[in-house]
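**Student:** no FASTA, just this:
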Ligand SMILES: CC(C)(COP(=O)([O-])OP(=O)([O-])OC[C@H]1O[C@@H](n2cnc3c(N)ncnc32)[C@H](O)[C@@H]1OP(=O)([O-])[O-])[C@@H](O)C(=O)NCCC(=O)NCCSC(=O)C[C@@](C)(O)CC(=O)[O-]
Ligand SMILES: NC(=O)C1=CN([C@@H]2O[C@H](COP(=O)(O)OP(=O)(O)OC[C@H]3O[C@@H](n4cnc5c(N)ncnc54)[C@H](OP(=O)(O)O)[C@@H]3O)[C@@H](O)[C@H]2O)C=CC1
C-alpha cells in the first residue's frame, strides 16, 4: 500500500493526534480547547478518536403504549421534532392509546455461494438442518442460554451464478449483528468443508423481514378539530395524505422521513445502530417492488385510525447500549426492561411523529409550527448570543417570513 503522512495515525497519543490536526488545518487555541475532550469510553469505542460530539437530547411526553405511559428520550438536532412527537402522542393518548405488538424477532443473514448446483445445495441443507443449526449455535458460546439460536434456514437462487443460504436466528436481547455474523462464518466454513463450495461472503442482511413490530392507534374526531376544520375533515385529509404516500414514491420518501424523525432520535438515545434501523425501514418500504409509506391512516365511524408495521433491528444489550452511560439512563427514563418493549416504544414514537406531521401538513401547513420552533436555531446560527436570543426570537415571531437577513438586522439594532 502507498505511504501517506497519516499512516499509523491511530497509534499516536490523543494529544499527538489533536496537535497534528490543529497544525494541518490551522485550528486556534480556542478551537482546540473546544475539541479537546478525551474520554476513556469513547476512545475505546471508535477509532482515531478526537472528541465527543454532543447532540441535544429531549423527552417525548404522553406516549401511551399498551396502557403504560412512557417518557421517551430522543436525540436530535432538528427543532420541532420532539414537540411534534409529544403532540402526536397526546392525540393518540386521547383515543385508545397505542397498541403495539412484536410480530417476529429473528435476524437474518446470508452465505453467498458461487457456481454450485442449486438442487444439490438445497438437498444438502434440507437433509442436514439439525447439524447446520448445531454448527451455528455451537459457534456462539451462550446464545442458547439467552433463549436464542438458529431457527430457520433456506436456499435462494440469486442468478445463474450465485445462491444464498439464508439463516434466521433469534438473537435474544441483542441486536445480533455480531452474533449472526459469527454463526454465518462458522456455517460457511462447515459448508466449504462438507461440499467444497466457493463462498463469496457470509454476512447478516439489513433487510429485516422477520424482525417486525406493529403499532395501531386511534384518535377521536374531537381531538383533531382545528379553528377552521372539523375533526372529521382533518381525519379525512390525513387519510388522503396517507393514500398519497401509497401511490407516489416522491411523497412516500418524505412521509417515511417524518416517521424516522422520531424513530432515529429514540434509537440513538438508546445507544443503538440507527443506520441498521434506517436501512431496514427503507428496504422494507420497498419490499413489494414499489417504495411506499410505512404507515397507513384511515377514517372509521368515530375517528382516525393509524397503523405502522416496521422492522426494528435493535438490541437491549450489546453494541453500545451498555457502554454509553446515557443509553443506560435512557432505558430507565423510558421504563423499558427488555428488547421487545423497546421495539414497541420506538415504533410507537414513529406513529405519533407521523400523525403530528400529517396533521400539520393537512391543516396549517408544516411551516407554521415547525418554523416557530426553528426560530431559536435561525437566531443562533446567525450569531445571537444567549442573552440576545429571547429578544431576537420575539421579534422574529412577529414577522411573516423571517430569515437570516432579519436576524442580522435585529442584532445590529440591539448592538448599537
Ligand atoms: C409544532 C407543533 C407541535 C405545534 O402544535 P400546536 O398545535 O401549535 O401545539 P399546541 O400548543 O396545541 O400543543 C399541542 C401539544 O404539542 C406539544 N408541544 C407543543 N409545543 C411544544 C413545545 N414547544 N415543546 C414540547 N412540546 C410541545 C405538547 O405535547 C402540546 O400539549 P401540551 O403539553 O401543551 O398540553 C405542531 O405544529 C406539530 O406537531 N407540527 C409538526 C412538526 C414536525 O413534524 N416537525 C418535524 C420537522 S418537519 C419534517 O422533517 C418531516 C415532514 C413534516 O416533512 C414529514 C412529512 O412530510 O410527513
Ligand atoms: N450491518 C450491520 O447492521 C452491522 C452491525 N454491526 C454492529 O453490531 C452490533 C450489534 O451486534 P450484537 O451481536 O448485538 O452485538 P454484541 O456482540 O455487542 O452483543 C451481543 C452479545 O451480548 C451478550 N449478551 C448478554 N446478554 C445477552 C442476552 N440476553 N441476549 C443476547 N446476547 C446477550 C452476548 O455475549 P456474551 O454471551 O459473550 O456476553 C452477545 O454475543 C452493533 O454495534 C452494530 O452496529 C456489526 C456488523 C454489521
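**Tutor:** Good, I have the coordinates. The structure displayed is predicted, hence computed values, not measured ones. Numbers count the residues shown, from 1 in each chain. Ligands and ions are numbered 1, 2, ... in the order given.
**Student:** just checking, residue 201 touches residue 112?
**Tutor:** Yes - with contacts counted by CB atoms under 8 Å, residue 201 reaches residue 112, the gap being 5.2 Å. For the C-beta atoms, the positions are set from N, CA and C on the backbone; glycine is no exception.
**Student:** quick one, which of the two is more surrounded?
**Tutor:** Counted by other CB atoms under 10 Å, residue 201 and residue 112 do not tie: residue 112 has more neighbours, with 18 against 13.
**Student:** what helix or strand does the more buried one sit in?
**Tutor:** In this assignment (DSSP states H and E), residue 112 forms part of strand 107-114.
**Student:** for that strand, name the packing helices and strands.
**Tutor:** Packing partners of strand 107-114 (3 or more CB pairs under 8 Å, 6 or more residues apart in numbering; DSSP states H and E): strand 162-170, helix 177-195, strand 198-204.
**Student:** so what's the gap between the first one and the chain middle?
**Tutor:** Between the centre of strand 162-170 and the centre of its host chain there is 24 Å, according to CA atoms, centre = their mean, to the nearest Å.
**Student:** how about stretch 79-90?
**Tutor:** With CA atoms, centre = their mean, you get 17 Å for stretch 79-90.
**Student:** helices along the stretch 251-400 of the chain, start to end?
**Tutor:** Counting by DSSP state H, counting those that start in this stretch, the stretch 251-400 of the chain has helices at residues 274-285, 325-334, 339-362, 366-381, 389-397.
**Student:** can you list contacts of the first one?
**Tutor:** Same thing as helix 274-285. With CB atoms under 8 Å, 6 or more residues apart in numbering as the test, helix 274-285 has contacts from 175, 177, 206-209, 211, 252, 256, 259-260, 263-264, 267-268, 291-294, 310-314.
**Student:** is any residue of that helix near ligand 1?
**Tutor:** No - using CB under 6 Å from any ligand atom, we find that helix 274-285 stays clear of ligand 1, coming within 13.5 Å at best.
**Student:** by how many degrees do the helix or strand containing residue 410 and helix 366-381 diverge?
**Tutor:** Secondary structure assignment for residue 410, by DSSP H and E: helix 404-415. Calculated by axes from the mean of the first three to the mean of the last three CA atoms, to 10 degrees, helix 404-415 forms an angle of 50 degrees with helix 366-381.
**Student:** quick one: mean pLDDT over helix 404-415.
**Tutor:** Predicted confidence along helix 404-415 averages 94 (mean pLDDT).
**Student:** residues of this protein that sit close to ligand 1?
**Tutor:** Residues of the chain lying near ligand 1 by CB under 6 Å from any ligand atom: 61-62, 78, 80-84, 86-87, 90, 254-255, 257-258, 261, 356-358, 360-361, 366, 369-370, 373.
**Student:** of those, grab the buried ones for ChimeraX.
**Tutor:** Selection of the buried residues among the residues of the chain next to ligand 1 in ChimeraX, burial being defined by 16 or more other CB atoms under 10 Å:
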select :61,62,78,80,81,82,83,84,86,87,90,255,258,261,356,357,358,360,361,369,370
